[in-house]
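Asker: structure for this input, please:
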Amino acid sequence: MEKGVTDYLAYTGGKAGAATKDLAPVTIGWVNVEGTANGAPEATRGAQAAVDYVNKELGGIGGHPLALRVCKIASAEEEGQRCGQEMVNDSEVSAVAFGNVFVGDQSFNSVLKGKKPVLVSVATGPSVPTAKNTAIVFGDLSHVWGPWGSYSRDVLHAKTAAIVHTNTPPDKVAAQAAREAMEKVGIKVKSVGFDAQATDLLGPVTAAGGQSADVIVPIAAGQGCVGIAKALKQLGSTKPVVSTPVCLSPDVAQGLGGDLPQWTYGIAQTLPTDTAAPDAEAYRKASSSAGLGKEDQAKVWAAVSWSSVLAYAKVMNEVGADKMTPTAVAARLAKFTGPVVMGAPKVECGKYADSPAVCNDQDRFYTYKGKGAFTAVTGWLRPPA
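Answerer: Got it, this is the predicted structure:
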């Protein structure tokens with residue numbers, strides 16, 4: 001098993017100890033959707049914890065404190081324009097990072113226009129994969145689904161698949177990508193969408209063939225995951241379920257009586273709660289010391305945001321605090337090949353001509369055994385050749 005990144009000091013090229021408080025800060029702009037039910041405030045908390053850790057333990061950036069300049073998007077596309085203007089006009093912001101920006105990205109990029117580099121963990125907005133001076137270190141909704149084809153063919157030996165997805169724009173993109181990955185390896189797929197407000201999902205799960213398919217793929221969040229799990233139980237299905245990591249959330253466990261579905265989960269990072277993974281243990285220990293709570297630690301968006309900030313710390317230390325400009329950071333970020341903290345050991349930005357910002361297309365798969373216990377069932381898998 002890959003050990004992953006466990007020595008953050010060596011990884012970032014920092015200096016042990018605290019940053020010098022009276023030096024001018026090196027500032028990262030931070031954009032995230034939060035403030036409404038579908039937001040991910042834990043992404044901002046994960047990013048801020050990483051900033052605090054860099055300043056407390058890793059010497060900041062060349063001794064200068066690292067700072068986070070936050071702009072929040074609530075729910076409207078035009079709010080991204082405001083954030084774009086803030087980031088462009090703030091001379092202290094040398095670079096920008098995204099949390100879960102699934103809305104507002106298009107208006108943001110129409111203003112930013114690549115004037116400052118943007119580092120993204122997982123791209124959920126449609127304009128991000130083609131945005132200028134952007135690096136998506138964990139992947140996007142189109143390319144991160146490729147390994148589902150490899151896993152379903154090589155591990156499950158599946159011939160048929162049922163995809164059940166929420167009819168939201170991101171989940172429709174993900175469902176299409178999962179379908180293409182499986183059909184590429186000869187698996188026959190039925191894909192059925194449902195309204196995000198629906199709770200009784202027996203109909204869509206049945207229509208997709210959930211009672212007989214060799215593998216079931218839920219693409220949903222919150223009550224959608226709960227509804228799919230309940231429908232499969234009603235059908236008496238014992239077939240493998242290979243889900244997104246978004247279903248690994250406390251509200252899903254609560255909706256199912258206290259525990260998560262005992263499914264397999266594909267994820268573009270080491271599972272933050274994997275007790276056997278050295279890189280996950282390093283994350284939990286360091287983020288705890290930086291004040292990130294256990295509930296947030298377990299959430300995907302907090303963990304990948306922590307990783308994004310540390311990747312920027314690595315890049316910025318390579319640039320040097322005295323040479324910090326958007327142009328210099330962009331040039332260095334364009335050469336980033338990893339490793340990614342709790343992510344792939346090597347990434348390749350620009351691999352896909354139609355999505356030049358995408359740097360990763362690899363996943364790992366874990367099976368949940370109940371009561372907090374996960375078993376890693378694969379290492380890093382790539383899409384089918």
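
Asker: residues near Val246, how many?
Answerer: Residues within reach of Val246, counting by other Cβ atoms under 10 Å, total 22. Yep, even glycine has a C-beta here, placed from its N, CA and C like the rest.

Asker: helix, strand, or coil at it?
Answerer: Recorded secondary structure, Val246: helix (DSSP: H, G, I helix; E, B strand; the rest coil).

Asker: equivalent analysis for Gln176, please.
Answerer: helix.

Asker: for it, give its distance to Asp7.
Answerer: 40 Å (Cβ to Cβ, to the nearest Å).

Asker: pick out whichever of these two has more residues nearby.
Answerer: Relative neighbour count places Gln176 above the other of Gln176 and Asp7, with 16 against 8, counting by other Cβ under 10 Å.

Asker: OK, contacts around the more buried one?
Answerer: When contacts are counted by Cβ atoms under 8 Å, 6 or more residues apart in numbering, Gln176 touches Ser191.

Asker: ok, which stretches of the chain are helices?
Answerer: Assigned helices in the chain, in chain order: 8-12, 41-57, 79-89, 105-112, 146-154, 169-184, 202-207, 223-235, 250-255, 278-289, 294-297, 300-319, 326-333 (criterion: DSSP state H).

Asker: among the ones you listed, which is nearest Ile28?
Answerer: helix 300-319 (5.8 Å; Cβ to Cβ).

Asker: and the angle for that closest one with helix 278-289?
Answerer: 90 degrees (axes from the mean of the first three to the mean of the last three Cα atoms, to 10 degrees).

Asker: which of the helices of the chain is buried the deepest?
Answerer: Burial of the helices of the chain is given as mean neighbour count (mean count of other Cβ atoms under 10 Å); helix 300-319 ranks first at a mean of 26.

Asker: so what's the gap between that one and the chain middle?
Answerer: The gap between the average C-alpha position of helix 300-319 and the chain average comes to 13 Å, counting by Cα atoms, centre = their mean, to the nearest Å.

Asker: low-confidence ranges, the stretch 151-300 of the chain, go.
Answerer: Screening the stretch 151-300 of the chain residue by residue with the criterion pLDDT under 70, one finds no matching range.

Asker: tell me the contacts of Val185?
Answerer: Counting by Cβ under 8 Å, 6+ apart, Val185 touches 149-150, 152-153, 384.

Asker: now it: phi and psi?
Answerer: Backbone dihedrals for Val185, given as degrees, to the nearest 10, come out at phi -100, psi 20.

Asker: so what's it closest to, chain neighbours aside?
Answerer: Here the nearest residue to Val185 in space, its sequence neighbours aside, is Arg153; by Cβ to Cβ, 6 or more residues apart in numbering that works out to 4.2 Å.

Asker: quick one: that neighbour from Arg284, how far?
Answerer: Following Cβ to Cβ, the distance that separates Arg153 from Arg284 is 33 Å.

Asker: picking up where we left off before, tabulate the helices of the chain (a markdown table), appending distance to Arg69.
Answerer: Formatted as a markdown table, the helices of the chain follow (distance: least, Cβ to Cβ, whole Å):
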| stretch | distance to Arg69 |
| --- | --- |
| helix 8-12 | 20 |
| helix 41-57 | 11 |
| helix 79-89 | 8 |
| helix 105-112 | 14 |
| helix 146-154 | 34 |
| helix 169-184 | 26 |
| helix 202-207 | 42 |
| helix 223-235 | 34 |
| helix 250-255 | 30 |
| helix 278-289 | 21 |
| helix 294-297 | 21 |
| helix 300-319 | 13 |
| helix 326-333 | 13 |
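
Asker: quick one: closest of those to Gly35.
Answerer: That would be, of the helices of the chain and by Cβ to Cβ, helix 41-57, which comes in at 7.7 Å.

Asker: which other helices and strands does that closest one contact?
Answerer: Packed against helix 41-57, as judged by 3 or more Cβ pairs under 8 Å, 6 or more residues apart in numbering; DSSP states H and E, are the following elements: helix 8-12, strand 26-33, strand 66-73, helix 278-289, helix 294-297, helix 300-319.

Asker: roughly how far does Val137 sit from His165?
Answerer: 25 Å.

Asker: meant to ask about Leu156
Answerer: Plainly put, Leu156 is 19 Å away from His165 if you go by Cβ to Cβ.

Asker: can you report phi and psi for Lys351?
Answerer: Main-chain torsions, Lys351, degrees, to the nearest 10: phi -60, psi -40.

Asker: ok, what's across the strand from Val118?
Answerer: Each beta-bridge partner of Val118 is listed here, defined by DSSP bridges: Val96, Thr134.

Asker: which residues are in contact with it?
Answerer: Shown in contact with Val118 (Cβ under 8 Å, 6+ apart): 95-98, 112, 128, 131, 133-135.

Asker: kind regards, and thank you for your time.
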